[in-house]
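S.K.: pasting a predicted model and its sequence here:
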Amino acid sequence: MEVMTAYRRNEETAEPASQAGDPGYDDQPDGSIHLDYIDAGDPDAADEPDFTLGEYDLSERAALRRVAGLSTELTDITEVEYRQLRLERVVLVGVWTTGTLTEAENSMHELARLAETAGSEVLDGLVQRRDRPDPATYIGSGKAKELRDIVAATGADTVICDGELTPGQLRQLEQVVKVKVVDRTALILDIFAQHARSREGKAQVELAQLQYLVPRLRGWGESLSRQVGGRAANGVGIGGRGPGETKLEIDRRRITARMAKLRKEISGMKTARDVKRARRNSNEVPSVVLAGYTNAGKSSLLNRLTGAGVLVENALFATLDPTVRRADTTDGRVYTLSDTVGFVRHLPHQLVEAFRSTLEEVASADLILHVVDASDEDPEAQIQAVREVLSDIDALDVPEQIVFNKADNADAETVLRLRSLVPGALFVSALTGAGMAELAALIEAGLPRPERAVQVLLPYTRGDLVARIHADGEVLSEEHTGDGTLISARVRSELASAVEQFAVERIAAVPAGER
C-alpha cells in the first residue's frame, strides 16, 4: 500500500536570505541588503573593523541576489537548454523505502536546505512510501500525475527528487509533470559549482558535472538526434568523424575530450600538492585534519584555533577549497591544521572521485578531528555518512577524535545521549569558545611525539641548535648555566644526531611503550 506524506516549508521559522548580524550589512525593511563601503580617505575609517578574507568572500557571494517573483524560466521545457540548471520555485519529492518516517523527513529537510542554498524557493514537498523507487517515473505513474497537479497549483518551475535518478526516470517524469526535474546529485553538483573558488576546485567540480552529464546527455525535442554530414555538407560536420554522425555523438565526444583535459590538469595540480606534502613530511611536521558533515562548523573551529579568517556561513557546502594553516602546541611543537570539504548523505560518487586528490590530505593525516553538529536532528546519521566517505578514501586507519560542535545549541538530554553514544567525545562551541582549551590539549596529546630523548649542554654560540630544539622538538626542561644552555628534550632522529656531540648523557631511544 502506497502512502504519500506531505512536507511543507514553515515560512514563519525560515531564516531570512540576508546575512543578518554580519559586519558591513544592514538589513532593510524590504528585505534588501545595504553594504557600507569604507572610504580609505575617511579619517573615521580607521575605527571600522578590518574585514577578513572570509568576510570579503561572504560579501561577494551576497552581492548578486535573485529577485523573487521575476522568473525568466520558460513554460515549455522543450525550449530550455539542457545544460542549464536554473532553480527558482521548486517542489521536493522523495521515496521512503527503508528506515523510519523521522529519518525520511530529516532527509527531506536536508534536501530543502540544499535547494535553498542553491538559490531556490521551496514551495512544497512530498514523501511517498514504496518498497523501491518506480523504475519508470521514480514515484509511479499515478503519483506522478498527482505531482503534476501540485506543480500546477503552486506555480513551481522545477521538481527536485531526493535521490539519483536514471536518465530514463528523469525523461519520463518530466514528460508527466511538464517542468524540469532535477535529482539530488545534480543539485549538490550545482552548489559545488557556485561555491568553488580556486582553479583546482573549479576543475574538480566541472569534471564531476561532466561525469554526471555524459550518460544523461540528451536534447529537448529531437535537436541532438539530427544527423549532420561530413565535409561535403556545407562544412556542417567539421570536427565530426564522418557522415551520419548525430549532434548527440559530437557533444558526447567533445565532453569526453574535455574530461580528459581536466583530468590532466588536476593531475598536474596534484603533483604540486604532493610536493608540498612531501616537504612537510621531510620536516616531520604533524598534520591534523578537520573532517565532518557539511555545516558542522569546521571552518569556525579552524578560525578559533588558528585565526585563519576563512569564510564562515550558515549554509551547506559554504567552503569547498581546502585550507591549511600552521598552529603551535603549548609546548612549542608545530603542526598543520587543515579544513576539508564537508560531506553529506549520499555524496555523489562523481564528487568523491573528482576530489580524491584533495581528500588524500585526510588519509595522510596524523589525526582526524571528526566534527559533528550536536544540534542536528540526527547526529548519528552524520557520523555514519562521514565514515562511509572516509572508508572510500582509505582513511579509516587514521586516529579519529569525535568533536561535537554547536554544543551551546543542543539541549541537556541530547548531550547526555551523545555522551553515552560516543564515549570519549569532546563537546565544544566555536561560537562561544566553550571547550576550546580542552580541544587544544586533546590535539597536543594526539600528535606524534619525538622519539629521541636528549640532554645536551649547548654553548651560547650555538643558539641555532637551541632554536631548532624549540621549533622541532619538545622541550622538557631548560636551564642557563655558566657553560651554556642545559636542555632536556625529545627530538627527531636527525636533530638528535646534530646535537649528539653536546650530550651530557648518552642519547638513547625512548622505549616503544613510553612513546
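M.R.: Received the coordinates, thanks.
S.K.: what's the closest non-adjacent residue to K406?
M.R.: Residue nearest to K406 in three dimensions, not counting chain neighbours: S375, with 4.6 Å by C-beta to C-beta, 6 or more residues apart in numbering. In this view, the C-beta of every residue, glycine as well, is placed from N, C-alpha and C.
S.K.: how about the secondary structure of that neighbour?
M.R.: coil (DSSP: H, G, I helix; E, B strand; the rest coil).
S.K.: list the contacts of it.
M.R.: 406, 409-410, 414 (C-beta atoms under 8 Å, 6 or more residues apart in numbering).
S.K.: for it, give its distance to F192.
M.R.: Here S375 is placed at a distance of 25 Å from F192 (C-beta to C-beta, to the nearest Å).
S.K.: do V504 as well
M.R.: From V504 over to F192 (counting by C-beta to C-beta), the distance is 57 Å.
S.K.: what about these two, which has more around it?
M.R.: Comparing V504 with F192 by other C-beta atoms under 10 Å, the one with more neighbours is F192, at 23 against 12.
S.K.: so the more buried one sits against A208, correct?
M.R.: Yes: with contact defined as C-beta atoms under 8 Å, F192 reaches A208; the gap is 7.2 Å.
S.K.: between those two, what contacts are shared?
M.R.: By C-beta under 8 Å, 6+ apart, F192 and A208 have these common neighbours: L351.
S.K.: could the contacts of S375 be laid out in TSV, adding pLDDT and distance to E200?
M.R.: Below are the contacts of S375 laid out as TSV (pLDDT from 0 to 100; distance: C-beta to C-beta, whole Å):
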residue	pLDDT	distance to E200
K406	92	30
N409	90	34
A410	89	36
T414	88	38
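S.K.: out of the residues you listed, which are buried?
M.R.: Neighbour counting by 16 or more other C-beta atoms under 10 Å classes 406, 410, 414 among the contacts of S375 as buried.
S.K.: now the residues you listed in JSON lines, with secondary structure and distance to I368?
M.R.: Shown next, in JSON lines, are the buried ones among the contacts of S375 (DSSP: H, G, I helix; E, B strand; the rest coil; distance: C-beta to C-beta, whole Å):
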{"residue": "K406", "secondary structure": "coil", "distance to I368": "19"}
{"residue": "A410", "secondary structure": "coil", "distance to I368": "22"}
{"residue": "T414", "secondary structure": "helix", "distance to I368": "23"}
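S.K.: which of those residues lies closest to V289?
M.R.: When the buried ones among the contacts of S375 are ranked by distance to V289 (C-beta to C-beta), K406 comes first, at 19.6 Å.
S.K.: and the closest one, what are its phi and psi?
M.R.: Backbone geometry at K406, expressed as degrees, to the nearest 10, gives phi 60, psi 40.
S.K.: wait, it touches G297, no?
M.R.: Yes: between K406 and G297 a contact is recorded at 5.9 Å, counting by C-beta under 8 Å.
S.K.: let me see the mean pLDDT of whatever helix or strand I191 lives in.
M.R.: I191 is part of helix 184-195, with elements assigned from DSSP states H and E. Average pLDDT, helix 184-195: 88.
S.K.: helices or strands up against it?
M.R.: Here helix 184-195 touches helix 101-117, strand 158-161, helix 199-213, helix 349-354, going by 3 or more C-beta pairs under 8 Å, 6 or more residues apart in numbering; DSSP states H and E.
S.K.: please identify the most buried of the ones you listed.
M.R.: When those are scored by mean count of other C-beta atoms under 10 Å, the highest mean neighbour count falls to strand 158-161 (a mean of 25).
S.K.: what does that strand rub up against?
M.R.: 73, 86-94, 111, 115, 120, 138, 147, 151, 173, 177, 179-184, 187.
S.K.: any weak-confidence spans in this structure?
M.R.: For the chain, residues meeting the criterion pLDDT under 70 lie at 1-87, 218-246, 280-283, 357-358, 505-515.
S.K.: please identify the buried residues of the lengthiest helix in it?
M.R.: Ranked by residue count under DSSP state H, the longest helix found in the chain is helix 247-282. By neighbour count with 16+ other C-beta under 10 Å, helix 247-282 contains the buried residues 247, 249-252, 255, 259, 262, 265-266, 269, 273, 277, 280.
S.K.: now render those residues as TSV, adding distance to T432.
M.R.: As requested, those are exported to TSV (distance: C-beta to C-beta, whole Å):
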residue	distance to T432
K247	58
E249	59
I250	58
D251	53
R252	53
I255	49
M259	46
L262	43
E265	43
I266	39
M269	38
R273	35
R277	34
R280	32
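S.K.: circling back: ok, and what's touching the helix holding I191?
M.R.: For helix 184-195, contacts defined as C-beta under 8 Å, 6+ apart pick out 61, 85, 87, 111, 114-115, 117-119, 160-164, 202, 205-206, 208-209, 212, 316-320, 344, 346-348, 350-351.
S.K.: likewise for stretch 435-450?
M.R.: Where contact means C-beta under 8 Å, 6+ apart, the residues beyond stretch 435-450 that reach it are 286, 288, 301, 304-305, 327, 329-331, 333, 335, 366-367, 369, 399, 401, 403, 407, 426-430, 472-474, 489-492, 515.
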